[in-house]
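K.L.:
need coordinates for the following:
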Amino acid sequence: MKLLLIFNLLINSFGHQGDKDVPHAIVFVHHGLHIEIQIDCKNGRNDIAGIKDVIIESALTTIVDCEDSIAAVDVYDKIQLYRNWLGLMKGNFEARLMQGHKTIVRELHPDRIYNPKTDNELRLSSRSLLFIRHVGRLLYTDVI
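P.N.:
Presented below is the predicted three-dimensional model:
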């Protein structure tokens, strides 16, 4: 029964991950936005189709606020801010934080790759388009 439901989803899909007969993700497009249905019969055991999660693409743009009075109050803050910005632009930004006695690393998700119904590979960015906002006296500092 689960495979039949998955097959019906595939008929109307834009692409998939994994084996086309038993995919672990199916992607649909609606008004230019992507919807991914993740299938895992173990994690999605309470769902008749084994659906683990649904990811809906949103926030096509993100504003990174670099206001001088809050995010960067001196030259050293600005340097760190631009290092972070470079990591975001290159896609290799990571942040380390302590949780109890354990270090946790947060990093950006890689792009998602699907096997589309056509011959071309379908690659979806896991990140939004970034805009940077500068406010304040940054134009008068030696760091720029």
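K.L.:
what about the helices in the protein?
P.N.:
Taking DSSP state H to define them, one finds helices in the chain at 2-11, 75-90.
K.L.:
weakest of those helices in terms of mean pLDDT?
P.N.:
Ranked by mean pLDDT, the helices of the chain bottom out at helix 2-11, which scores a mean of 52.
K.L.:
what's the spacing between Lys20 and Leu124?
P.N.:
18 Å (Cβ to Cβ, to the nearest Å). (Each C-beta comes from the backbone N, C-alpha and C, glycine too.)
K.L.:
Glu94 too?
P.N.:
Separation of Glu94 from Leu124 (Cβ to Cβ): 21 Å.
K.L.:
please apply the same query to Ile79.
P.N.:
From Ile79 to Leu124 the distance is 33 Å (Cβ to Cβ).
K.L.:
those two - which one has more neighbours?
P.N.:
The neighbour comparison of Ile79 against Leu124 (other Cβ atoms under 10 Å) goes to Leu124, with 16 against 12.
K.L.:
so that one makes contact with Tyr114?
P.N.:
Yes - the pair Leu124 and Tyr114 qualifies as a contact (Cβ atoms under 8 Å) at a distance of 7.2 Å.
K.L.:
give the contact list for the residue nearest the centre of the chain.
P.N.:
The structure's the chain has its C-alpha centroid closest to Ser126; by Cα atoms, centre = their mean the separation is 2.8 Å. By Cβ atoms under 8 Å, 6 or more residues apart in numbering, Ser126 lies in contact with 108-112.
K.L.:
pLDDT weak spots in this protein?
P.N.:
Filtered on pLDDT under 70, the chain yields the residue ranges 1-14, 68-71, 116-120, 135-144.
K.L.:
switch to 90 and redo it
P.N.:
Along the chain, segments meeting pLDDT under 90 span 1-51, 54-82, 84-85, 88-89, 91, 109-144.
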